[in-house]
Structure formats: C-alpha cells, structure tokens
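Need a 3D model of the following:
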Amino acid sequence: MRTWVIAVLVLVVCAGAFHVTADPAPNPFRKRFAPKWIAVGGDWTPPALRHGRTGVVESQVTRPRMKVPVASSDAYRLRIFYMLGGDKPAAVLFSGKKVGVLTPAREWSGAIVSIPFVQKDNNPELSFDLPGGGRLSIRRIDYRNYFFRLGSFFSIKPEGGSRASYSVLWLIFTLAGMIALGFLATVLSRGRPGGPDVIVRVSLPIGFLGLAIVLLSKLFGFSIHAHPAFLTGIFIAVPAGDVLLRTQGGWKIVAGRLALGALSAVVALAIAEGALRVWDPPISRPRIGSYATYSPELGWKNRLGVQGWQVDIGYHIRVNRHGHRGPEYPEKKPRGVFRILGLGDSFTFGWGVEEGQTFLRVLEKKLRAEGYRVEILNAGVPAWHSVQSLHYLLKEGARFRPDLIVLSFFVDDVYDKKLEKLRSSKRAISLRDEEAALRQKKNSLTRKLRLYNVWFNYRKIQRASKEHLRLNPYQDFEAERKTLPRDFEKDPKLVEGLERVVSEWVKAREELKIPFIFSYIPPGGALNAPAYQGHSRELKRVSREKNFPFLDVGSLFEKHPDPRKLYLHPRDQHMSAAGHALMGGALAELVLRGGWLKK
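As a prediction, this is how the structure comes out:
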C-alpha cells in the first residue's frame with residue numbers, strides 16, 4: 001500500500017510541476033538599444049563621442065527619460081551601461097516604479113535591474129532619479145526576457161514572465177507514459193530481490209525533480225518556462241532509464257556501452273576535425289569579427305595577417321602581412337615584374353566578392369594573359385577616404401616600388417577632408433576601444449576548432465540572409481538614389497574642394513614620378529540619373545586637366561544590358577562579381593593602351 005501511495009504522490013507532484021512550468025512558446029530573446037533610439041528629446045544631449053565611446057548621451061535634467069519599445073508583453077531583465085558623476089546613487093524607475101539603483105561610477109559600469117510584467121503596447125518609460133549635481137552618461141541598454149535559456153524550448157524568466165496556455169493532452173500523455181514505465185519496471189523485477197519496491201525506486205528521482213521545480217517557481221521567485229515536449233521528455237526519460245538498466249543487465253554494462261559510444265563519437269569528431277584542417281574549406285576558418293584595426297597615422301587600416309570567413313555576406317577574407325588583400329609576396333619587387341598598387345575604399349578592397357573576383361585581380365589575370373609579368377597589390381581599405389589613401393602611398397605604399405598606381409574614387413572621396421579629423425573620427429575611436437575585446441576572442445579555444453567554425457559560420461550566414469534589410473538599407477537603386485547628394489557641380493565650394501584633392505595627388509605624382517590612373521565608381525542609384533552624377537563629371541574634368549588617365553565606370557555600367565546585375569542589391573550596395581569583371585576588363589584595356597608595360 002505504501003508503495004502505491006508514494007507513486008500517486010509522485011504523479012501529483014509531477015503534474016503540479018508540469019502545470020507551473022509548461023509553456024508552448026517560451027520565446028527567449030534579447031535586444032540591444034543605442035541611447036539615440038530611445039532617449040526623450042530635451043532630457044539628454046545629442047549622441048556624441050564621450051569618455052572614449054561613440055553614441056553616448058548625457059542627462060540634461062534631474063529626471064531624464066527614455067522610451068523602451070518592448071518586443072512583447074513580458075517581464076524583463078535590463079542591463080544599463082553607464083557612468084554617474086557625484087557621490088550619491090541614482091534610482092532607476094520603470095513606469096514610475098523604482099526597480100533598481102545606479103551607484104556612482106567614474107568608469108564605464110554595468111547595472112542589472114529586473115522589470116515587472118509590462119504590456120507590449122504600453123510604450124513604457126524608463127527614467128532615472130538623479131541626485132543633486134549628478135550627471136548620468138549612457139552608452140548602451142540591453143534587455144532580455146530571461147536569466148537563462150536552452151535554445152528556444154527552455155528559459156528561466158524574471159518573476160511574472162508571460163506564459164502561453166498548453167494543451168492538457170501533453171499532461172495526460174506524460175502521466176500515462178510514467179505509469180506505463182512503472183508497470184514495465186514492476187514486470188521486469190518479478191522474482192528478484194526488492195522487486196515490490198521497484199516503483200518507489202523508479203518514481204522517487206522524478207518526484208524529487210518535480211518538487212524542486214515547484215519550489216523554485218513558488219519560493220524563490222523564478223519563472224521557469226519549458227515547452228511541453230521538453231518536459232514530457234524529461235519526465236519520461238528518468239523512469240525509462242531505470243527500465244533500460246534492468247533490461248540490459250545493470251548500470252555497469254550500460255555505462256560501458258555508453259562509454260564505447262561516446263569514444264566512437266569523439267573519434268569520429270576528431271577525424272572530421274582533421275579532415276577539415278587538411279581540406280581547409282573557407283567556411284571552416286574562424287569568423288572575422290573585425291578585419292580593421294586602429295591606426296594613429298591613418299585612423300584605421302586593414303588588420304595585418306587576418307584570415308577568416310566574413311559571414312555577413314558569406315565570403316573569405318585574406319589580408320597579408322603588409323595589410324593588402326591577397327596572397328603573401330616579398331616587399332622587394334622581383335626583377336622584371338611590373339608592379340601595380342591599387343588604392344581605394346571597400347569597392348577596391350572587394351567587399352562582397354571573393355578575392356579572385358575583385359577588379360584588381362581581374363586586371364592582373366588579363367594582363368598576364370597578354371604575356372606580361374604583372375603583380376598587383378590590393379591596398380584598398382573599407383571606408384577609407386582618398387586623403388587616407390594618399391597618406392598611405394607617401395608613407396608606406398611607395399616602399400613597394402610600384403610602377404603604376406590605380407586609384408578608385410567613390411562619392412565621399414571627392415570631398416575635401418582633413419586627415420586629422422579622420423584620425424579622431426568615431427570609427428577610429430571605436431576601433432581603438434575594440435582592441436582588448438578582440439584579443440580575448442582571438443585566443444579563445446572554440447575559434448581554433450574547425451567543426452565549431454563550420455557550425456558558427458553556417459548559422460551566421462543563414463541569419464544574415466534573412467537580415468539583409470538591416471545590413472543594407474538600400475534595397476534597390478531607387479531607394480539608394482533618395483539618399484545621394486545631387487547637383488555637385490553647382491556648388492563652387494565643393495568643386496574647389498575637389499580641385500584641392502586632385503592637386504595633392506599631382507604633388508604625389510611629381511614626387512614619386514609614377515604614372516596614375518583615376519577611376520570613379522558610382523553608387524548604383526546614380527546610374528542613368530544625370531542629376532546625381534556631378535561628382536563623376538567634375539572628377540573626370542579635373543583629372544583630364546591634370547593629365548590623369550580616367551576610367552568613367554558609370555558610363556561603362558550604363559551601357560550594360562542590365563546594370564542592376566552589376567551590384568549586389570538588395571543584399572549589399574557594393575559591386576557584384578559581374579561589375580568587378582566589367583571594370584577589370586576596362587582597366588586592362590586602359591593599361592595596355594598606356595604603353596607602360598614591356599615584355
């Protein structure tokens with residue numbers, strides 16, 4: 001009788017645990033907000049570079065507010081990255097209720113507060129009650145609706161987290177499975193010592209687990225959310241394990257078989273890891289989190305010797321020890337080789353295409369096909385301005401002894417900018433601050449495992465393919481055109497600035513005594529739109545006045561039957577492999593006509 005009472009109590013406890021835990025839609029998620037998106041105007045200063053961080057806002061009133069658009073009706077865990085002046089703490093209020101405290105901090109600190117259940121459409125307000133004289137700086141706010149999670153089927157949420165109703169059939173199926181396994185264990189134990197108590201031994205472990213779940217939920221303020229299928233598997237797996245032990249001859253035999261299976265799995269994984277290292281597919285290489293690095297001289301530059309998988313678009317990046325995209329080569333030019341140095345921004349670098357598809361590599365292949373010994377160095381750096389390319393050429397690029405310079409301009413390159421401002425720009429400062437974090441990631445063990453890299457890169461590529469709206473705000477030529485400046489040549493100051501830009505390149509040509517080729521790569525939105533082509537027209541005019549051979553890529557692309565195929569829209573606004581091939585071929589013709597090459 002005692003045995004059956006215990007069994008019934010276990011079923012009751014497990015049913016209670018199932019009821020307080022089951023949630024068909026745990027939906028764990030997290031989100032990050034930059035303050036500029038949620039700060040209430042007038043309460044905060046405009047976002048700016050402060051305390052070594054970009055996008056920082058500072059309080060202008062004693063109770064500054066922020067509007068936090070929650071993703072769903074739920075309870076939340078908020079993390080605030082802040083600095084607080086003065087010597088008194090500041091209260092954190094959510095919809096007028098105090099939920100936490102920020103202690104004074106003269107260095108960047110993080111504070112975690114729990115937010116009670118809030119409705120999605122309430123547009124809740126986050127505010128800070130500052131002490132007299134205290135000034136609050138905020139650089140980021142993260143929020144999530146969980147403390148811990150396992151995938152998307154299990155999470156531990158703050159108290160009051162939302163819970164979807166579950167079908168009672170899940171509970172009935174779970175209890176029926178537990179009862180069936182109990183009877184099966186009883187049948188298997190007939191005639192053995194201790195057979196009548198088998199139900200107790202099978203039931204108690206799962207009973208204690210159910211009791212622990214109930215206590216955690218009711219006494220400690222945790223809100224456990226698990227998909228009913230996950231709970232069913234847990235509540236049936238424990239008694240099923242006992243039945244397995246009885247049918248397989250005891251735990252020693254089962255443990256031996258499990259150990260053999262685990263060893264086989266480890267050997268298989270080791271063979272797969274070795275095969276990936278020998279085969280070396282690009283997707284198995286570590287992901288490049290940051291291909292750029294801070295440079296006091298240039299603001300930023302390519303990270304030397306970096307190699308890995310760029311998952312946002314899905315291609316491999318290789319930067320050699322000189323900071324050029326491409327293979328390694330000696331600094332000293334080999335005898336009899338005609339060396340070309342390519343300068344520019346992400347279009348020259350070849351953002352969005354494989355290394356062999358860039359227009360500089362296409363140019364190299366075509367010239368070699370004509371029988372010339374040519375070597376092309378791709379010194380393009382994403383987001384560089386032409387003044388950075390010029391400074392690089394004079395300080396570093398000239399040591400490679402190039403015989404020809406190919407410089408590509410984009411829209412922003414024709415504006416007169418000072419190198420000093422680029423050295424202290426937001427991008428330069430943020431890259432400087434990222435260095436320590438990047439060193440930690442580079443030394444992590446998981447980044448050295450090829451199997452992990454395959455899984456990680458594949459998952460990121462799948463996510464990026466669904467998030468191209470975030471990655472590229474310009475979904476087509478028409479959307480991009482709305483953001484482009486027009487009628488460039490109608491502003492005399494802009495034209496004068498362009499002339500100053502080109503005059504600096506004239507000085508470099510005279511100093512180095514090297515021929516140059518200029519090209520202008522237009523944004524896709526400027527094609528067949530004359531009002532947005534003033535940059536190209538003026539650069540072409542000034543280049544010819546200063547005797548720079550000029551390749552008008554815009555006119556070249558407009559002659560193509562389908563110019564849209566020459567760019568990566570909607571995935572990205574850079575040139576496609578077809579665009580690079582067309583430009584590389586035109587450059588090859590221009591170089592061959594120039595008469596610089598000798599066989």
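
and the closest residue in space to Val501 that isn't next to it in sequence, which of the three is it?
Leaving out its chain neighbours, the residue that sits closest to Val501 by Cβ to Cβ, 6 or more residues apart in numbering is Asp416, at 5.6 Å. To be clear about C-beta, it is placed using only N, CA and C from the backbone, and glycine gets the same treatment. With DSSP: H, G, I helix; E, B strand; the rest coil as the basis, Asp416 sits in coil.

tally of neighbours for Asp416?
16 (other Cβ atoms under 10 Å).

tell me the domain ranges of the protein?
Per automatic domain parsing, the structural domains of the chain span 2-24+160-247, 30-145, 292-594.

How far off centre is the second one?
In this case it means domain 30-145. Put simply, domain 30-145 sits 24 Å off its chain's centre (Cα atoms, centre = their mean, to the nearest Å).

Report the rounded mean pLDDT for it.
Domain 30-145 carries an average pLDDT of 84.

again, but for the longest one
Taken as a whole, domain 292-594 has a mean pLDDT of 89.

And stretch 207-214, by the same measure?
Across stretch 207-214, pLDDT averages out at 81.

three-state assignment of Leu582?
helix.

In a helix, Thr54, correct?
No: Thr54 is assigned strand when assessed by three-state DSSP, not a helix.

ok, now which ones touch it?
Contact partners of Thr54, counting by Cβ atoms under 8 Å, 6 or more residues apart in numbering, are 47-48, 426, 429-430.

switch the cut-off to 7 Å
Residues near Thr54 by Cβ atoms under 7 Å, 6 or more residues apart in numbering: 426, 429-430.

In the stretch 451-599 of the chain, mark out all the strands, start to finish.
Secondary structure of the stretch 451-599 of the chain (DSSP state E, counting those that start in this stretch): strands located at 516-520, 550-552.

which of those strands sits most buried?
strand 516-520 (a mean of 24; mean count of other Cβ atoms under 10 Å).

centre of the chain versus that strand, how much separation?
33 Å.

Just the residues contacting it, thanks.
404-409, 505, 509, 535-536, 539, 543, 548-554, 590.

Narrow these to just the buried residues.
Neighbour counting with 16 or more other Cβ atoms under 10 Å marks 404-409, 505, 509, 535-536, 539, 543, 548-554, 590 as buried within the contacts of strand 516-520.

So in terms of bridging, what pairs with the closest residue to Lys540 other than its chain neighbours?
Excluding its sequence neighbours, the residue lying closest to Lys540 (Cβ to Cβ, 6+ apart) is Phe550, at 5.3 Å. Note on Phe550: beta-bridge partners Phe518, judged by DSSP bridges.

Identify the single longest strand in this structure, thanks.
Scanning the chain for the strand with the most residues, using DSSP state E, yields strand 105-118.

what about the helices in the stretch 101-250 of the chain?
168-188, 198-219, 228-247 (DSSP state H, counting those that start in this stretch).

Reformat these as CSV; add distance to Leu341 and mean neighbour count.
Listed next are these as CSV, based on distance: least, Cβ to Cβ, whole Å; neighbours: other Cβ atoms under 10 Å:
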stretch, distance to Leu341, mean neighbour count
helix 168-188, 67, 16
helix 198-219, 65, 18
helix 228-247, 59, 18
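
Generate CSV for those helices, with distance to Arg318 as supplementary columns.
Formatted as CSV, those follow (distance: least, Cβ to Cβ, whole Å):
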stretch, distance to Arg318
helix 168-188, 52
helix 198-219, 50
helix 228-247, 43
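
do you know which of those lies nearest Gly42?
When those are ranked by distance to Gly42, counting by Cβ to Cβ, first place goes to helix 198-219 at 43.2 Å.

Extract the C-alpha set from the closest one and format it as CSV.
Taking Å, rounded to 0.1, in the frame of the first residue of the first chain, the C-alpha atoms of helix 198-219 are listed here in CSV:
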residue,chain,number,x,y,z
VAL,A,198,10.8,-1.1,-7.7
ILE,A,199,8.0,1.5,-8.3
VAL,A,200,9.4,3.6,-5.4
ARG,A,201,13.0,3.5,-6.8
VAL,A,202,11.7,4.4,-10.3
SER,A,203,9.4,7.2,-9.0
LEU,A,204,11.4,9.0,-6.4
PRO,A,205,14.1,10.6,-8.6
ILE,A,206,11.5,12.2,-10.9
GLY,A,207,9.4,13.1,-7.9
PHE,A,208,12.3,15.0,-6.3
LEU,A,209,12.9,16.7,-9.6
GLY,A,210,9.2,17.8,-9.8
LEU,A,211,9.3,19.0,-6.2
ALA,A,212,12.4,21.1,-6.9
ILE,A,213,10.7,22.7,-9.9
VAL,A,214,7.7,23.6,-7.8
LEU,A,215,9.8,25.1,-5.0
LEU,A,216,12.0,27.1,-7.4
SER,A,217,8.8,28.6,-9.0
LYS,A,218,6.9,29.3,-5.8
LEU,A,219,9.5,30.1,-3.2
